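Participant: Output the structure for:
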Amino acid sequence: MAQSSVRIVTEVHDEPHIEGRRVTVRRIQGLVEGAGKSAEEVAEQLDLDVADVYGALQYYHSHPDEMAAVEGQRAEREAAAREAGAVSFSELKDDESA
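Facilitator: This next block holds a predicted model:
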C-alpha cells in the first residue's frame with residue numbers, strides 16, 4: 001500500500017497541521033466540508049497540493065477523538081478571551097462599518 005507524502009504534525013500550534021505550514025487540519029476541513037469548497041479550490045487558496053487537502057481530511061476523519069479535543073480546547077480559549085474582553089473579528093468589522 002502506498003504511503004501518503006502528506007505529514008500532519010502538531011509541534012507548532014498544538015493542533016494538527018500540514019508539516020512546514022501554518023494551515024491546520026481543522027481549517028482545511030472547515031473550508032471543504034463546512035464552507036462547501038472543493039479540494040482544488042482550497043488547495044489553490046492556501047497554496048497547497050490537492051494531496052495535502054485530502055491528507056488533512058483523511059487525518060481529520062481518522063482521529064475523531066483528537067479533533068474533538070482540539071475543538072474543545074479552542075472553544076475554551078475563545079471563552080476565556082471573551083471573558084477577558086476580547087471581541088470577534090466579525091464584531092470588529094461591525095464596529096468599523098457603524
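
Participant: which residues touch the closest residue to Glu41 other than its chain neighbours?
Facilitator: Closest residue in space to Glu41, ignoring its immediate chain neighbours: Leu31 at 8.0 Å, by C-beta to C-beta, 6 or more residues apart in numbering. (Each C-beta comes from the backbone N, C-alpha and C, glycine too.) By C-beta atoms under 8 Å, 6 or more residues apart in numbering, the contact list for Leu31 reads 37, 41-42, 45-46.

Participant: Please state the mean pLDDT value computed over the host helix or strand of Ala56.
Facilitator: Element membership of Ala56 [criterion: DSSP states H and E] is helix 50-62. Regarding helix 50-62, the rounded mean pLDDT is 97.

Participant: Okay, the residue at minimal distance from the centre of the chain and Glu96: tell me how far apart.
Facilitator: Among the residues of the chain, the one closest to the centroid is Arg27, at 2.1 Å (C-alpha atoms, centre = their mean). Distance, Arg27 to Glu96, using C-beta to C-beta, to the nearest Å: 24 Å.

Participant: Could you identify the helix or strand that succeeds the lengthiest helix in the chain?
Facilitator: Assignment by DSSP state H gives helix 64-83 as the longest helix of the chain. Sequence-wise, the next helix or strand downstream of helix 64-83 (DSSP H and E) is helix 89-97.
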